[in-house]
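[1] With the sequence up front, the predicted model follows.
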Amino acid sequence: MAWFKRKKKGIRTATEDKKDVPKGLWYKSPTGKIIDHEQLAANFYVSPEDDYHVRIGSNEYFEILFDDNKYKELNEKITSKDPLKFEDTKKYKDRLAAVQDKTKLNDAIRTAVGKSKKTDILVCAMDFQFIGGSMGSVVGEKIARAIDYAIEHKLPVVIISKSGGARMMEAALSLMQLAKTSVKLAQLAKSKLPYISLCTDPTTGGTTASFAMLGDINISEPGALIGFAGPRVVKDTTGKDLPEGFQSAEFLQEHGFLDFISHRKNLKDKINLYIDLIMNKKVRT
């Protein structure tokens, strides 16, 4: 039995001094591929083995698109109110306070201006972690103000959509943002300024039904889920069996719903290429 006994104590670490492996050190993609988190970040948050595009937020998109990650955020202090006094299992104002504290975001979209490949652009980027990227009054207002700023300063606009749709806690006020953002984009078009719409995973509901599909160029990342309603609702409404993957970016591009699908590492080059083409400028290399 001596085989199973420790003959020498040696150096032993006390239980309270043992440390767990830091959370987030490794990432496992849906196909089971494992990658070091630092390597994932260095690869634009794309798993190199299976090319899976991990969901990212406004911070990461700003870092990708703006030169040296330098930008000025617009209207960052705007926050949602609770005019309808919505109350379900939890009061809306309490849920807002909780998610603002957790995410350190004021709402589901951030807008910023800066240089991309040495050209000034305005970028609106949604954050899915804020109540599923739902579109409420603040989302509509910040997009409207951003477009006003772009028109005043003659800037191209990029909107990065990542949303579950309208925010039910704001009911009709949320639905009004579809018309509000669409009108503002019409004003941008009248000013002959480009609008590039980037649909990321997922882009659904009222977002798809408004600004996400109104770009001069509509692009997406590989594998993104894009649609208005869920597959079950669509099937019940149409009464027909639906093709496999009918809400994937690849299916939508094949059927003319999207103009282009771009790998995340190429987004900055592609977006600036389209801006140059629309504004009839010399294409930058």
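    The structure has been received and is ready for your questions. Numbers count the residues shown, from 1 in each chain.
[2] Is residue 228 in contact with residue 209, as I believe?
    Yes - between residue 228 and residue 209 there is a contact under CB atoms under 8 Å: 5.8 Å. Glycine gets a C-beta too; all of them are placed from N, C-alpha and C.
[3] Which parts of the stretch 101-250 of the chain are strands?
    Along the stretch 101-250 of the chain, counting by DSSP state E, counting those that start in this stretch, strands occupy 109-116, 119-126, 157-163, 195-203, 217-220.
[4] Determine which stretch of those is the most buried.
    The highest mean neighbour count among those, using mean count of other CB atoms under 10 Å, belongs to strand 157-163: a mean of 28.
[5] and the angle from that one to strand 195-203?
    10 degrees (axes from the mean of the first three to the mean of the last three CA atoms, to 10 degrees).
[6] Quick check: the closest residue to residue 106 other than its chain neighbours vs residue 27, distance?
    Among residues not flanking residue 106 along the chain, residue 79 sits closest, at 4.9 Å (CB to CB, 6 or more residues apart in numbering). Remark: distance between residue 79 and residue 27 (CB to CB, to the nearest Å) = 32 Å.
[7] Neighbour count: these two, which is higher?
    residue 27 (17 against 12; other CB atoms under 10 Å).
[8] so that one sits in a helix?
    No - using DSSP: H, G, I helix; E, B strand; the rest coil, the assignment for residue 27 is strand, not a helix.
[9] quick one: it and residue 37 touch, right?
    Yes - contact between residue 27 and residue 37 holds when scored by CB under 8 Å: they sit 5.6 Å apart.
[10] low-confidence ranges in the stretch 51-200 of the chain?
    Under the criterion of pLDDT under 70, none of the stretch 51-200 of the chain is flagged as low confidence.
[11] in it, which spans are helices?
    58-65, 92-103, 137-153, 171-190 (DSSP state H, counting those that start in this stretch).
[12] any residues touching the last one, and which ones?
    Outside of helix 171-190, the residues that reach it under the criterion CB atoms under 8 Å, 6 or more residues apart in numbering are 83-84, 86, 134-137, 139-141, 143-144, 147-148, 150-151, 157, 166-168, 195, 206, 209-211, 214, 216.
[13] Just the buried ones from those residues?
    86, 134-137, 139-141, 143-144, 147, 150-151, 157, 166-167, 195, 206, 209-211, 214, 216 (16 or more other CB atoms under 10 Å).
[14] domains for this protein, by residue range?
    As given by automatic domain parsing, the domain ranges for the chain are 21-54, 56-278.
[15] winner for burial among these?
    Most buried among the domains of the chain, counting by mean count of other CB under 10 Å: domain 56-278, with a mean of 18.
[16] hmm, back to that, of all the helices of the stretch 51-200 of the chain, which lies closest to residue 248?
    helix 58-65 (20.8 Å; CB to CB).
[17] on contacts alone, who are the packing partners of that closest one?
    The helices and strands touching helix 58-65, judged by 3 or more CB pairs under 8 Å, 6 or more residues apart in numbering; DSSP states H and E, are strand 109-116, strand 119-126, strand 157-163, helix 267-278.
[18] Make sure residue 247 is actually in contact with residue 233.
    No - judged on CB under 8 Å, residue 247 makes no contact with residue 233 at a distance of 11.5 Å.
[19] Do I have it right that residue 221 meets residue 265?
    No - using CB under 8 Å, residue 221 is not in contact with residue 265, being 10.5 Å away.
[20] Name all residues that make contact with the residue nearest to the spatial centre of the chain.
    Centroid check for the chain by CA atoms, centre = their mean gives residue 162 as the closest residue, at 3.7 Å. Under the criterion of CB under 8 Å, 6+ apart, the neighbours of residue 162 are 55, 57, 125-128, 133, 200-203.
[21] With residue 258 instead?
    Counted by CB under 8 Å, 6+ apart, residue 258 has contacts 199, 218-220, 226, 249, 252.
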